[in-house]
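[1] Dropping a prediction and its sequence here:
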Amino acid sequence: IPELHLPKPNEFIPTDFQLFSKEKHTARPQLPIKIKENEFCRLFYGEDTFYRLPKAYLYFELRNPLGSADPLHSNMNALYVELVEDSLTEIVYPAQLGGLQYELSALNYGIQLTVHGFSHKIKQLLETIIDRMVNIKVNPQRFEIM
């Protein structure tokens with residue numbers, strides 16, 4: 001049957017489960033430390049010394065003062081997030097099978113993005129999401145459905 005075939009290889013399946021740190025197991029989790037701060041960002045690093053799993057959790061707040069300036073901007077912010085999520089559905093499905101997850105939320109002050117899962121392929125998923133956020137092409141048929 002020609003319609004039956006194997007799926008293409010999943011580029012998001014992790015193959016490297018190495019831990020970045022050689023710290024020993026500790027009974028208490030360490031608090032994140034601030035490694036950079038400027039007018040545009042605050043960057044923290046927190047290492048899991050308790051479970052010691054090759055996983056990462058990335059959290060971003062993209063602040064926009066117009067995000068909730070009025071009902072129009074608030075709805076535009078929410079619609080943008082819905083359009084991005086809709087356009088990512090097929091792309092991120094293989095990532096979810098590979099143990100990666102993401103959440104994109106419209107908030108009063110802008111947009112929140114979280115990406116978490118196995119650290120080996122997390123950068124690839126993050127780059128995919130950001131590329132789509134910057135270069136989104138809205139499908140008119142999908143827009144009508146939304």
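    Ah, there it is.
[2] show me what contacts Ile13?
    By CB atoms under 8 Å, 6 or more residues apart in numbering, the contact set of Ile13 is Leu97, Gly98, Lys121. Just so you know, the C-beta spots here come from the backbone N, C-alpha and C atoms, and that holds for glycine as well.
[3] Kindly recompute the last result at 7 Å.
    Listed by CB atoms under 7 Å, 6 or more residues apart in numbering, the contact set of Ile13 reads Gly98.
[4] next one: Gln112
    When contacts are taken as CB under 7 Å, 6+ apart, Gln112 is in contact with Glu61, Ser105.
[5] Assign a three-state SS to it, would you?
    strand (DSSP: H, G, I helix; E, B strand; the rest coil).
[6] The residue nearest the centre of the chain pairs with what?
    The centre of the chain sits closest to Val115, judged by CA atoms, centre = their mean, with a distance of 3.1 Å. The partner list for Val115 in beta bridges (DSSP bridges) reads Leu58, Tyr102.
[7] isn't there a strand covering Thr15?
    No - assessed with three-state DSSP, Thr15 is coil; it does not lie in a strand.
[8] So for the strand or helix carrying Phe60, what gets flagged as buried?
    For Phe60, the host element (DSSP states H and E) is strand 55-63. Neighbour counts over strand 55-63 (16 or more other CB atoms under 10 Å) mark Lys55, Ala56 as buried.
[9] Cool, thanks, signing off.
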